[in-house]
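Chemist: Attaching a predicted model along with its sequence, questions to come.
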Amino acid sequence: MNNRSYFLLTALVLGFAFLYIPILSMIVYSFNESRLVTVWGGFSVKWYGELLNNRQMLQAAWLSLRIATVTATGAVIIGTLAGLVLARFGKFRMRTMFAGMVTAPLVMPEVITGLSLLLLFVALAGWPLVPDSRGFSTITIAHITLTMSYVTVVVQSRLSSMDDSLEEAAMDLGARPMKVFMLITLPIIAPAMISGWLLAFTLSLDDLVIASFTSGPSTNTLPMMIFSTVRRGVTPQVNALATIMVAIVTVFVIAAGVMMSRQERRRQADVRLAAAAAIAGTRG
Amino acid sequence: MAKQSYVSLGERVILGIDHLLATVLSSSPYRWSSGVLRRFGLRGRTLVIAVPWVWLLCFFLVPFIIVLKISFAETRWLGTPPYSPLFEWIDAQFLQVRFNLGNYFFLARDSLYINAFLSSLKVASVSTIFCLLIGYPMAYAIARADTKWRNVLLLLVILPFWTSFLLRVYAWMGLLGNNGLINQVLMAVGILEEGQPLVMLNTDFAMYVGIVYSYLPFMILPLYSNLEKHDLTLLEAAVDLGCKPFKAFLSITLPLSMSGVIAGSMLVFIPAVGEFVIPRLLGGTDSLMIGRVLWDEYFLNRNWPVASAVAIALLIVLVIPIMVFQRFQMQEAGASARR
């Protein structure tokens, strides 16, 4: 080991400590009997019990989960189309503007996106097809707009890293575009779509600012509940909630990681198979 | 065709899709509707472009035009919506257009807004620099780590990003408070005297810690994907020719990684300028961040036109960084397409 490796090792250890100590401290304190952070009152799961009896919190969580599910599904559909357009459709009129609008929400400050969508919903109030009151549907629309960009970027980079020779081959052999998409493109981008779905789901579940702007007075999402609780200071119930969420996410991310690396190995074989099937299909 | 004795799951799924597709494509409703669409000049390609295009038009572009419009309106304290109309028909004959620049003059005159803008830019710049200082060595170390460790380390960077941002910011409230873990440890060790905690929560320091902490993965990931692609033989050649490793790093690795540095910096800087949650939870009551000013203008003062003017001004400030980011994003997409 030379000086350089020591430096890099130290950077890694300190960096990961910085990233993980806050999360670990929340997990530890969620099992603290005492309400105070200063005192260790012994191991206890009473905050989890209180959390499960907190009806408001549970309702908010249920609402957020529903919004996140619809958001992720919608964002994957629209985002995948946008990614496909950007990666495979070549030039078309106003492509630059399209690409600009797709990537802008990635970095746009949330307060701007939130305010602009709210003003849109207010301006459109009373029009046909527009929901009467702000809540589930307006938050979902706002979240789809925010998260589809992430799906687009993931799908686009996946498509760009694969060359389009398989698709071209199938086209040359006479397969219709729809068939090429279903049998060749879709299996290729399926992993990107899954990670895009998960990304959109998490981002939606986590969003405070845009949801606060686009929700009505009676709607409370989970982040909004957490924010109003936390503003009054540290509460052990929120620690318990954080621990549950960290546990779920960890299991999910690790499972997805394992699944995807397995899928990746199978993909090569599947892609070849898909091409063969498409070619056989166009002949028959 | 000879029947295979074993049909894999993937093959079955694909044959199933193929069968379904054949049924749908030859069904009369599909043929009828595609015929109708074609008569209007709409082909599949146009439709695929149209769906995301129309969505973005409705929920991204039009909202901005509305914000721009309302930023020129006058505030009406009573009434819904709480702003005056920009265009008004008088006696159904004359279209009156009231173009009010007052909100922008108000922003320019009141030092509160200018200070908020300046301090937001300062906070975002300083945070970006710290993210870079912490993130670059980490990304470098991961990119040069053993292949079997690389994925695990990368997963460790991504994992906090998947857990709630709000809860991670909240965790710092527990660490930085007067009775928080850090003060406890410092007192136990004897660096601080009992009962005289270091005030960290609700200060600028806490705000910086929160922003750097939350945005660090955004810096590491683009840097890593850049550094991982480098051709290491260049470095070897430099060292073989007598170059000191650090000098080789400065003259080869650093310039090559500039696009990663720019991408990461923009991903941190732009959202950090408009950050609201972190200043609100960790920063002091006097911390002036423009995101917070916009939030208060809308939620507390209910002054929609001024809030809109703040949003437009913020957008103007950020337009150049956003364009730099997009240009980079497109170059990167193009580069990976060529590979």
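Modeler: Noted; the coordinates are in hand.
Chemist: Quick check: closest non-adjacent residue to whatever residue of the stretch 101-250 of chain A ends up closest to chain B.
Modeler: Nearest residue of the stretch 101-250 of chain A to chain B, counting by Cβ to the nearest Cβ: residue A:109, 2.2 Å away. For the C-beta atoms, the positions are set from N, CA and C on the backbone; glycine is no exception. In space, and not counting its chain neighbours, residue A:109 is closest to residue B:274: 2.2 Å by Cβ to Cβ, 6 or more residues apart in numbering or on different chains.
Chemist: From residue A:114, how far out is that neighbour?
Modeler: 10 Å (Cβ to Cβ, to the nearest Å).
Chemist: helices and strands around the helix or strand where residue A:70 lies, which ones?
Modeler: Per DSSP states H and E: residue A:70 is located in helix A:55-88. Contact here means 3 or more Cβ pairs under 8 Å, 6 or more residues apart in numbering or on different chains; DSSP states H and E; on that basis helix A:55-88 packs against helix A:95-107, helix A:136-161, helix A:186-206, helix A:222-230, helix B:44-56, helix B:304-338.
Chemist: May I have the residues that are in contact with the residue of the stretch 101-250 of chain A closest to chain B?
Modeler: Shown in contact with residue A:109 (Cβ atoms under 8 Å, 6 or more residues apart in numbering or on different chains): B:270-271, B:273-275, B:291, B:314, B:318.
Chemist: same question, residue A:57
Modeler: A:51, A:222, A:225, A:237, A:241.
Chemist: which of those are close to chain B?
Modeler: Among these, the residues that sit close to chain B (Cβ under 8 Å from any Cβ of the partner chain) are residue A:241.
Chemist: and the contacts of residue A:57 as JSON lines, adding neighbour count and pLDDT?
Modeler: Shown next, in JSON lines, are these (neighbours: other Cβ atoms under 10 Å in any protein chain shown; pLDDT from 0 to 100):
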{"residue": "A:51", "neighbour count": "21", "pLDDT": "88"}
{"residue": "A:222", "neighbour count": "27", "pLDDT": "93"}
{"residue": "A:225", "neighbour count": "21", "pLDDT": "92"}
{"residue": "A:237", "neighbour count": "21", "pLDDT": "87"}
{"residue": "A:241", "neighbour count": "26", "pLDDT": "90"}
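Chemist: so which pair among the contacts of residue A:57 is furthest apart in space?
Modeler: Greatest spatial distance among these (Cβ to Cβ): A:222 and A:237, at 12.7 Å.
Chemist: on that earlier part again, which of the helices and strands packed on helix A:55-88 has the highest mean neighbour count?
Modeler: helix A:136-161 (a mean of 24; mean count of other Cβ atoms under 10 Å in any protein chain shown).
Chemist: wait, is residue B:95 part of a helix?
Modeler: No - applying DSSP: H, G, I helix; E, B strand; the rest coil, one finds residue B:95 to be strand, outside a helix.
Chemist: what about residue A:66, distance to residue B:175?
Modeler: Counting by Cβ to Cβ, the gap from residue A:66 to residue B:175 is 33 Å.
Chemist: Neighbour count: these two, which is higher?
Modeler: Shown here are residue A:66 and residue B:175; by other Cβ atoms under 10 Å in any protein chain shown, residue B:175 has more neighbours (22 against 13).
Chemist: ok, residue B:24 - how many residues close by?
Modeler: Residues near residue B:24, counting by other Cβ under 10 Å: 12.
Chemist: residues contacting it?
Modeler: Counting by Cβ under 8 Å, 6+ apart, the residues that residue B:24 touches are residue B:30.
Chemist: And residue A:244, by the same measure?
Modeler: Contacts of residue A:244 (Cβ under 8 Å, 6+ apart): A:48, A:51.
Chemist: and with 10 Å instead?
Modeler: A:30, A:48, A:51-52, A:61 (Cβ atoms under 10 Å, 6 or more residues apart in numbering or on different chains).
Chemist: With residue B:198 instead?
Modeler: Residue B:198 neighbours (Cβ under 10 Å, 6+ apart): B:176, B:178, B:180, B:182-183, B:186-187, B:191-192, B:205.
Chemist: Need the per-residue pLDDT for it.
Modeler: Note for residue B:198: predicted pLDDT of 84.
Chemist: next one: phi and psi at it?
Modeler: Main-chain torsions, residue B:198, degrees, to the nearest 10: phi -80, psi 120.
Chemist: cool, residue B:211 as well?
Modeler: phi -70, psi -50.
Chemist: Name the nearest residue to it, sequence neighbours excluded.
Modeler: That would be residue B:127: by Cβ to Cβ, 6+ apart, it lies 4.2 Å from residue B:211.
Chemist: Show the average pLDDT along the helix or strand residue B:186 falls within.
Modeler: In this structure, residue B:186 sits in helix B:181-189 according to DSSP H and E. Taken as a whole, helix B:181-189 has a mean pLDDT of 85.
Chemist: Any part of that helix near chain A?
Modeler: Yes - applying Cβ under 10 Å from any Cβ of the partner chain, one finds helix B:181-189 touching chain A at B:181-184, B:187.
Chemist: Distance from the helix or strand hosting residue A:257 to the middle of the chain?
Modeler: Following DSSP H and E, one finds residue A:257 within helix A:236-283. Between the centre of helix A:236-283 and the centre of its chain there are 14 Å (Cα atoms, centre = their mean, to the nearest Å).
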